[in-house]
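> Here is the input, now give the coordinates:
(2 chains)
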Amino acid sequence: MRLKTSLTLAAALVALAAPATAHRGWLLPSATIFSGSADWVTVDAAASNDLFFPDHRPLGTENIKVWAPDGTEGKIENAATGNVRSIFDVQLNKPGTWKIGTAQSGVSGSFKVDGVDYRIGGRRGPAPSAASGQGPRFVNSVDEIPANATDLNLTESASRNEIFVTAGEPTDTVYQPTGKGLEMVPVTHPAELVQGEPARFRFLVDGQPAQALKITVVPGGKRYRDSDGAMEITTGADGVATVDFPEPGMFWLNTSYSDDKPSVARATSRRLSYTTTLEVMAP
Amino acid sequence: MRKTPLLLAGLLAAPAGAASVSITIPQLKVAEYHRPYVAAWLEPSGGGETRTLFVWYDIKKTGSEPGTKWLADLRSWWRKGGRSLKLPADGVSGATRAPGTYQIPIPANIKPGAYILHVEAARETGGRELVSVPLTLPAARGSASGKSELGAITIR
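Okay, the predicted model is just below:
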């Protein structure tokens, strides 16, 4: 058992240390452009390597939030979690552009108290018995870190995974940046994406244009072609990435950013990520 | 603006009526046929604000859903102008039509200039087609033909 536990822990820590190799988390809306007055969008939520095939793990729905075009909070309905994907519905009962997704943050890493190893965040095994004194101990939050802790090595991580759906005329209220973490503000509205018309998206870190950010764009339908099809785009000084979608369809967009300017006290570094799914129409 | 009618009158010896578009919805031999949704709109050839001439859809639909649910299937029209219209729109919204040829007048109050006329059709359980014809108002002439969901489009 102990061997198994430490292997699980090791795996969890590896995943934390190198999220770039992790499975891709995705939200896949049934459509992004609606013309009815109370249409339903239904969304698949999963993590997998190939887009958009749910074959690994579902994403939880408990942290999914809905931002309605009028600034109010909407709700998800009919949420269910299966073995390899979750689903939920949102009724688009107000005109304009909706944002649906997650904005999560946490702290993970290690520290010592009187020479004893402690960890925070990440996946954990059963608590080590006090007698054996083996394996690290855990705390739940930064607040629980004792004042006399040493060897702090804590990473703040904040990730957004969000999709946009529009009922009727597109609106911009959900694109008002918070000025915190990594955000995307479209120059080309996501309801205006058409094959053959390059689209522009601005990326911000703490509200400032994120220059030289690497953006990955991957088309869905991986099973029906040989290559992964990923495109790499780098943002300019204005934080803008220009994406020329090669075909109509659903595209997964992801980027991440690291620095040593955490917003959480006692953290030593931070890692930010942003993910969205974009629908590109045929001309 | 006041000058336009005078100019028109001067240029056109023929009847006061401006150009009109003739649009053919083809007869299709399919097992399940539904009349297509069709929209036509004028777009200035240099880009700019579009003007919808008509949209034929399930305008009489009753219940909680006012018939607009499938209008997004006219995907180009929806993006170029449909989604910003308040529907039903007077003189623009109409019921779907059976196969046949229809004459649609181009409103006389459209500013003279170079335009592209777009006609888009989308059919339930069927296809979607967009036909575009460049024209110059007011003395418009032009024609094009669809291959699947639309027949001849003639401006005269």
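> any idea where the helices of chain B begin and end?
B:3-11, B:75-80 (DSSP state H).
> what is residue A:92 paired to in the beta sheet?
In this entry, residue A:92 is beta-bridged to residue A:39, by DSSP bridges.
> separation between it and residue A:167?
According to Cβ to Cβ, to the nearest Å, residue A:92 and residue A:167 sit 4 Å apart. Bear in mind the C-beta positions are built from the backbone N, C-alpha and C, glycine included.
> quick check, residue A:191 in a strand?
No - assessed with DSSP: H, G, I helix; E, B strand; the rest coil, residue A:191 is helix; it does not lie in a strand.
> State the number of residues packed around it.
24 (other Cβ atoms under 10 Å in any protein chain shown).
> try residue B:82
26.
> Could you tell me how far it is located from residue B:71?
6 Å.
> Report the set of residues contacting both of those two.
A:35, B:55 (Cβ atoms under 8 Å, 6 or more residues apart in numbering or on different chains).
> Comparing the helices of chain B by mean pLDDT, which bottoms out?
Mean pLDDT values for those show the minimum at helix B:3-11, a mean of 40.
> Show the contacting residues for the residue most central in space within chain B.
The residue lying closest to the centre of chain B (Cα atoms, centre = their mean) is residue B:40, at 1.7 Å. Contact analysis of residue B:40 by Cβ under 8 Å, 6+ apart lists B:21, B:23, B:52, B:53, B:54, B:104, B:117, B:118, B:119, B:120.
> Contact partners for the fourth one?
Meaning residue B:53. Residue B:53 touches B:21, B:40, B:41, B:42, B:92, B:104, B:106, B:107, counting by Cβ under 8 Å, 6+ apart.
> now it: how far from residue A:224?
From residue B:53 to residue A:224 the distance is 40 Å (Cβ to Cβ).
> Which residues of chain B lie near chain A?
B:64-66, B:68-72, B:75-76, B:78-79, B:82-84 (Cβ under 8 Å from any Cβ of the partner chain).
> Mind doing that once more with 7 Å?
Taking Cβ under 7 Å from any Cβ of the partner chain as the criterion, chain B approaches chain A at residues B:64, B:65, B:66, B:68, B:69, B:71, B:72, B:75, B:78, B:79, B:83, B:84.
> I'd like the residues you listed as JSON lines, with distance to residue A:141 appended.
JSON lines is the format used below for the residues of chain B next to chain A (distance: Cβ to Cβ, whole Å):
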{"residue": "B:64", "distance to residue A:141": "46"}
{"residue": "B:65", "distance to residue A:141": "47"}
{"residue": "B:66", "distance to residue A:141": "50"}
{"residue": "B:68", "distance to residue A:141": "49"}
{"residue": "B:69", "distance to residue A:141": "47"}
{"residue": "B:71", "distance to residue A:141": "50"}
{"residue": "B:72", "distance to residue A:141": "46"}
{"residue": "B:75", "distance to residue A:141": "48"}
{"residue": "B:78", "distance to residue A:141": "48"}
{"residue": "B:79", "distance to residue A:141": "47"}
{"residue": "B:83", "distance to residue A:141": "46"}
{"residue": "B:84", "distance to residue A:141": "48"}
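> Would you show me how to pick out the buried ones of the residues you listed in PyMOL?
What follows is the PyMOL syntax for the buried subset of the residues of chain B next to chain A, where burial is set by 16 or more other Cβ atoms under 10 Å in any protein chain shown:
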select buried, chain B and resi 66+68+69+71+72+75+78+79+83
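> Most widely separated two among the residues of chain B next to chain A?
With distances taken as Cβ to Cβ, the most widely separated pair in the residues of chain B next to chain A is B:64 and B:79, at 25.2 Å.
> can I assume residue A:57 is in contact with residue A:47?
Yes - between residue A:57 and residue A:47 there is a contact at 4.8 Å, judged by Cβ atoms under 7 Å.
> Spell out which residues are contacts of both of these two.
Counting by Cβ atoms under 7 Å, 6 or more residues apart in numbering or on different chains, the residues touching both residue A:57 and residue A:47 are residue A:23.
> Can you check the pLDDT for the residue in the stretch 101-250 of chain A that chain B sits nearest to?
As assessed by Cβ to the nearest Cβ, chain B sits closest to residue A:169 within the stretch 101-250 of chain A, at 5.0 Å. For residue A:169, the model assigns a pLDDT of 97.
> Can you give me the separation between it and residue A:158?
Taking Cβ to Cβ, one finds residue A:169 at 32 Å from residue A:158.
> which one of the two has more residues nearby?
Each of residue A:169 and residue A:158 has its neighbours counted (other Cβ under 10 Å); residue A:158 has more, 21 against 15.
> Helix, strand, or coil at that one?
Residue A:158 ends up strand, using three-state DSSP.
> Give me the spatial nearest neighbour of it, chain neighbours excluded.
For residue A:158, ignoring the flanking residues on the chain, the nearest one in space by Cβ to Cβ, 6 or more residues apart in numbering or on different chains is residue A:105 at 3.9 Å.
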